[in-house]
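**Student:** below is the sequence, then the predicted model.
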Amino acid sequence: MNFRCGMLSAAVLALTSATGPAHADRCDDLARQLKNQIDGLGIGRTTANVIYLSHPAAKQLRLGCTSRSVTNELFAQSPTRKPAPAFTELVASAGAVVFTIPKQDTLRGSQRCLSRMGLLRGNDIKMRFRRLDFRCTRDKTSAAISMSRGRDE
């Protein structure tokens, strides 16, 4: 009887230690992976499941970690109203790493979203491309884009 209890407790201990890392650890690993693959990217502070990143092509860049509704979210803000090609390349590279899809797909999606903003469609665009949700906004001085994927996909 004592042997069974010992085996049961060993099995429970093995199962609890074999579970994956916590959400923050996975997100930190993802931020480190972004830093290794994108030149000039820096990792800033982490606050409430959001890791702030820095890059010369972006005014603001942050990686949102897993929550109830999304798996990950990438938010980038351009310093100008009409983003430079370096900004869209940065967003596409980061999106490809975060969502593990080809860079060409994230580049095409971000270019479509940013180009749709204007006089006819307005300054707030929501669209879906290759199972990613894109949202582009702009004001008088800057433009922003966010990419996310739903939890159920």
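**Tutor:** Thanks, I have it. None of these values were measured; they are calculated from a predicted model. Numbering: from 1, shown residues only.
**Student:** so which helix or strand takes in residue 34?
**Tutor:** Following DSSP states H and E, one finds residue 34 within helix 23-37.
**Student:** low-confidence regions, the chain specifically.
**Tutor:** 1-24, 67-70, 152-153 (pLDDT under 70).
**Student:** wait, what's in contact with the residue nearest the centre of the chain?
**Tutor:** Geometric centre of the chain, nearest residue: residue 74, 3.1 Å, by C-alpha atoms, centre = their mean. Applying C-beta atoms under 8 Å, 6 or more residues apart in numbering, we find residue 74 in contact with 62, 63, 64, 91, 94, 95, 98, 146, 147, 148. (Each C-beta comes from the backbone N, C-alpha and C, glycine too.)
**Student:** now swap in residue 139 and tell me
**Tutor:** Listed by C-beta under 8 Å, 6+ apart, the contact set of residue 139 reads 81, 123.
**Student:** mind checking how far it is from residue 78?
**Tutor:** Separation of residue 139 from residue 78 (C-beta to C-beta, to the nearest Å): 11 Å.
**Student:** do residue 116 as well
**Tutor:** Residue 116 sits 15 Å away from residue 78, going by C-beta to C-beta.
**Student:** and those two? Which one has more around it.
**Tutor:** Neighbours were counted for residue 116 and for residue 78 using other C-beta atoms under 10 Å; residue 78 has more, 24 against 15.
**Student:** and for residue 53, the neighbour number?
**Tutor:** Counted with other C-beta under 10 Å, residues neighbouring residue 53 total 23.
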